[in-house]
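Asks: What shape does this take:
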Amino acid sequence: MAAIKIRDNIYAVGAVDPEVRIFHGYQTPFGATYNCYLVIDEKITLIDNVKAKFTEQYLKNIEEIVPIEKIDVLIQNHIEPDHSGSFPELLKRNPNLEVYCTAGAKAGIKAYYRVEDCKWNLVKPGDTLSTGKYTFHFIPTPMVHWPDSMVTYLAEEKILFSNDSFGQHVCTGETYDDEMGLERLMERAMDYYGNIVLPFGFQVQKILEQAAKLDIEMICPSHGVILRTFIPQIVEAYGRWAKNECDPDKVVIVYDSMWGSTEEMVEKIKAEYEALGKKVFVHCLRDEHYSQVMGDIVEAKFIMIGASTLNNNMMPTMAAFLTYMKGLKPKNRIGLAFGSYGWSGEATKQADEIMQGLGWHTMPIRKQLYRG
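Replies: As a prediction, this is how the structure comes out:
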C-alpha cells in the first residue's frame, strides 16, 4: 500500500494485511487493514500506528509525504497492538514527537513497550489541539472497545477519526465505502460489530450522542474503508445494534451433530419457522468458525442452539461457540436449546443455562432420544 491522498493535506498512510486469518479469536477471511492518517499543517500530525510486523511499510508510506523527523504530533487514539506496534520504532526515529493520548493510553504504552522518555500530553473530554489552520477535538470513548480509547474530530475538514468504531475487517482495493457498495459494507460492518463491539452497546450509545453534535462529512476508521457516502446508514445501524434492537423475523440456528440426529432436528425447526414467515439462517459449527456466526446474531431475535451430548457435555465446537458468544453479551433475545442424545442428554440443559445467564427468555428445551 502506498500513501493515499484523501483530502488536501490529509493522507492515509497505514498498512494492509491481506493474509491475516485470525484476529484475537475472530476469523478474518478477508484480511485486515491498519489505517493511520497524516495531516499536513504548521504542525504535522500523525494519527495512530500499525501492527509491529508492518512498521517498515508504514514508515515508508509516511516518508512518501514527509520525513519522519518532521512530524510534530502523534495522536494515539488506542493502544491495542494493531494500532501501536510501530510506536517504539516511530519514537526511536523521532524522539521529539509530542504524543497526545488518554491517561490510560499512556499507562498502557509504558507497560507494554517499556517507553519512559516521551513527551506526553494527556487529553480529557473537551480538550483541543491547534496545529495551525486545523483544530483537533479529543473525545475519550472508554470501553469502545478498550479503556484507553478515544476518537478525534478535525473540525475544519469535518472528519471523525473514529479508531475501531465503524470499522470493518476487510483488505480490499477500495478506499471508500461507495466503492465497496452499501450491501457489502454493512455485511462487513455488522460482522465486525458482532465480534468486537457488541458487548459495549451502552458506551457506543454515548459515542453516537456526541457524534450527533458534530458536522461529519467523513469517518476515517482504523480498519477497513473510509466512510463518506453511507455515513447515515452505518450510524443508524450502530444505533440499533447498540440498543440490541433485533429483527423479530430473523432466526439463527447454530448446531453441531455427532451422528446426524441433531441435524435432522435442525431441518424440522427450520421448516417450522419458515412456515411462520421467518428468515432462518443456519450455521453448522463443523463447517464454520464460531466467529462467523456473530454477524447474523447481531440482528436476530431468535437464537436456537442445537447441542448434541458428548461425554456428559456439549460437543467441543458448541462449548467454544457458547463461551465466545457469552463474552460478547448479546441481549434481548429469545433462545431455544435442542438436541439429540443417547442416554444422558446434559448438553441442552447446559446450553439453556448459558442463554438464561445472558438474560434471555428461553423456550422449553427440545430433547430427542436418538432419532426420535
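
Asks: pLDDT wise, what is the spatially closest residue to Asn195 that is not a sequence neighbour at?
Replies: Nearest residue to Asn195, sequence neighbours excluded (CB to CB, 6 or more residues apart in numbering): Tyr26, at 4.3 Å. Glycine gets a C-beta too; all of them are placed from N, C-alpha and C. Tyr26 carries a pLDDT score of 90 in this model.

Asks: and if you look at Asp117?
Replies: 83.

Asks: wait, it sits on Asn96?
Replies: No: taking CB atoms under 8 Å as the definition, Asp117 is not a contact partner of Asn96, at 11.0 Å.

Asks: What residues of the helix or strand harbouring Tyr238 count as buried?
Replies: Assigned by DSSP states H and E, Tyr238 belongs to helix 231-242. Within helix 231-242, the residues scored as buried using 16 or more other CB atoms under 10 Å are 231, 234-235, 237-239, 241-242.

Asks: Tell me the one among these nearest to Ile297.
Replies: Ile297 lies nearest to Trp241 out of the buried residues of helix 231-242, by CB to CB, at 10.7 Å.

Asks: all strands for the stretch 101-250 of the chain, in order.
Replies: 119-122, 128-130, 135-140, 150-154, 159-163, 218-221, 247-256 (DSSP state E, counting those that start in this stretch).

Asks: Parallel or antiparallel, which strands does the fourth one pair with?
Replies: Translated: strand 150-154. For strand 150-154, the paired strands and their directions (DSSP bridges) read strand 135-140 (antiparallel), strand 159-163 (antiparallel).

Asks: before we move on, what about the longest one?
Replies: Next to strand 247-256 in the sheet, as set by DSSP bridges, lie strand 279-284 (parallel), strand 300-307 (parallel).

Asks: returning to what we had before: run the chain-centre distance for the helix holding Tyr238.
Replies: The chain centroid and the centroid of helix 231-242 are separated by 14 Å, computed with CA atoms, centre = their mean, to the nearest Å.

Asks: Quick one: the strands of the stretch 101-250 of the chain as JSON lines, columns for mean neighbour count and distance to Lys92 too.
Replies: Converted to JSON lines, the strands of the stretch 101-250 of the chain look like this (neighbours: other CB atoms under 10 Å; distance: least, CB to CB, whole Å):
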{"stretch": "strand 119-122", "mean neighbour count": "15", "distance to Lys92": "14"}
{"stretch": "strand 128-130", "mean neighbour count": "13", "distance to Lys92": "24"}
{"stretch": "strand 135-140", "mean neighbour count": "20", "distance to Lys92": "25"}
{"stretch": "strand 150-154", "mean neighbour count": "24", "distance to Lys92": "24"}
{"stretch": "strand 159-163", "mean neighbour count": "26", "distance to Lys92": "24"}
{"stretch": "strand 218-221", "mean neighbour count": "24", "distance to Lys92": "26"}
{"stretch": "strand 247-256", "mean neighbour count": "21", "distance to Lys92": "47"}
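
Asks: ok, back up a step: how many residues are close by the residue nearest to Asn195?
Replies: Per other CB atoms under 10 Å, the neighbour tally for Tyr26 reads 20.

Asks: what sits against it?
Replies: Contacts of Tyr26 were listed using CB atoms under 8 Å, 6 or more residues apart in numbering, and they are 169, 195-196, 291.

Asks: 10 Å instead, please
Replies: Contact analysis of Tyr26 by CB atoms under 10 Å, 6 or more residues apart in numbering lists 32, 169, 191-192, 194-196, 289-292, 294, 324.

Asks: Show me what it is bridged to.
Replies: Phe23.

Asks: Roughly how far does it sit from Lys331?
Replies: From Tyr26 across to Lys331, the span is 20 Å (CB to CB, to the nearest Å).

Asks: got it, and Phe161?
Replies: 29 Å.

Asks: Repeat that for Asp148.
Replies: 25 Å.

Asks: Ok, Pro18 next?
Replies: In terms of CB to CB, Pro18 sits 35 Å off from Lys331.

Asks: Also Ala111?
Replies: 32 Å.

Asks: out of these two, which sits in the more crowded spot?
Replies: Lys331 (13 against 10).

Asks: Let's verify that one: helix, strand, or coil?
Replies: Three-state call for Lys331 (DSSP: H, G, I helix; E, B strand; the rest coil): coil.

Asks: pLDDT below threshold where in this protein?
Replies: Along the chain, segments meeting pLDDT under 70 span 372.

Asks: domain ranges for it?
Replies: 4-242, 247-369 (automatic domain parsing).

Asks: Between the two ends of the longest one, what distance do you get?
Replies: Yep, that's domain 4-242 we're talking about. 32 Å (CA to CA, to the nearest Å).

Asks: what about it, distance to the chain center?
Replies: The answer for domain 4-242 is 12 Å, by CA atoms, centre = their mean.

Asks: Tell me how far the nearest residue to Glu80 once chain neighbours are set aside lies from Thr135.
Replies: In this structure, Glu80 finds its nearest non-sequential neighbour in Trp146, 6.0 Å apart by CB to CB, 6+ apart. Distance from Trp146 to Thr135, counting by CB to CB: 26 Å.

Asks: All the helices of the protein, in order from the start?
Replies: Using DSSP state H, the helices found in the chain span residues 55-63, 81-84, 87-93, 103-113, 177-180, 182-192, 201-211, 231-242, 261-275, 294-297, 316-328, 346-357.

Asks: Dump the ones you listed to TSV, plus distance to Lys70.
Replies: What follows is the helices of the chain, written out as TSV (distance: least, CB to CB, whole Å):
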stretch	distance to Lys70
helix 55-63	10
helix 81-84	21
helix 87-93	11
helix 103-113	22
helix 177-180	31
helix 182-192	34
helix 201-211	32
helix 231-242	32
helix 261-275	61
helix 294-297	42
helix 316-328	43
helix 346-357	54
